[in-house]
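Peer 1: my questions are about this predicted structure, shown below with the sequence.
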Amino acid sequence: MTTLKTMTDEQLVSCYSNGDNQAFDILLDRCKVSVFNYIYFTVKDKELAEDIFQETFIKAILNIKQGRYTENGKFRAWISRIAHNLIIDHFRQEKNENTISNDDAPIDLLNNSSLCEKTIEDKLIFEQIGLDIRKLITYLPQNQREVLEMRYYQDLSFKEIADLTGVSINTALGRMRYAILNIRKMAEENNILLVMQ
């Protein structure tokens, strides 16, 4: 067990896929707080967050057991992405169940642009901005990239980031500030727009 605890996430995934169930227990222990916090912060409902949290790890187990885990060196980002996709699925399903009729409304809901979904073009632009930002993040220095990913993609507080990275809260905040400044600078130099116009 002690040797398992010193292993990287990737080594633990490998051990688990080879039948060592304790390896997955350690993986779960390492990232359960950040994954649950991310889900809970997004859905704002403890019971629902617990359901999605369980579903996230069930999906992760199935994918690993079926040999579909290929994210070398990025287990935490991978598990967070599974949680994110399950949250989106939940809201999509909820939206489909909550359709409303325009007949009884005092105003015309269906022709009110402020209540409409974004156009396909808007969605594509938004997705492209997300991809551009992800690409720019890869060019950041390791310590800045780490803080930014923990804050925005794992939804950790600066105190949690400071504890995990072994630095002060001020250092974590400083790294985040420089990460954002560097992304803006790289975007400017490469004529990349990071906002919807």
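Peer 2: Now that the structure is in, tell me what you want to look at.
Peer 1: packing partners of the worst-scoring helix or strand of the chain on mean pLDDT?
Peer 2: Every helix and strand of the chain was ranked by mean pLDDT, DSSP states H and E. The lowest is helix 120-137, at a mean of 75. Helices and strands touching helix 120-137, by 3 or more C-beta pairs under 8 Å, 6 or more residues apart in numbering; DSSP states H and E, are helix 142-152, helix 169-189. Where C-beta positions appear, they are placed from N, C-alpha and C, glycine not excepted.
Peer 1: how about it, which residues are buried there?
Peer 2: Residues of helix 120-137 classed as buried by neighbour count (16 or more other C-beta atoms under 10 Å): 125, 129, 132, 136-137.
Peer 1: now it against helix 169-189, angle please.
Peer 2: Between the axes of helix 120-137 and helix 169-189, defined by axes from the mean of the first three to the mean of the last three C-alpha atoms, to 10 degrees, the angle is 120 degrees.
Peer 1: ramachandran angles for the residue positioned nearest the centre of the chain?
Peer 2: Centroid-nearest residue in the chain, with C-alpha atoms, centre = their mean: Tyr153, separated by 3.9 Å. Backbone torsions for Tyr153, taken as degrees, to the nearest 10, come to phi -100, psi -20.
Peer 1: surely it meets Ile79?
Peer 2: No - counting by C-beta atoms under 8 Å, Tyr153 stays clear of Ile79, with 10.8 Å between them.
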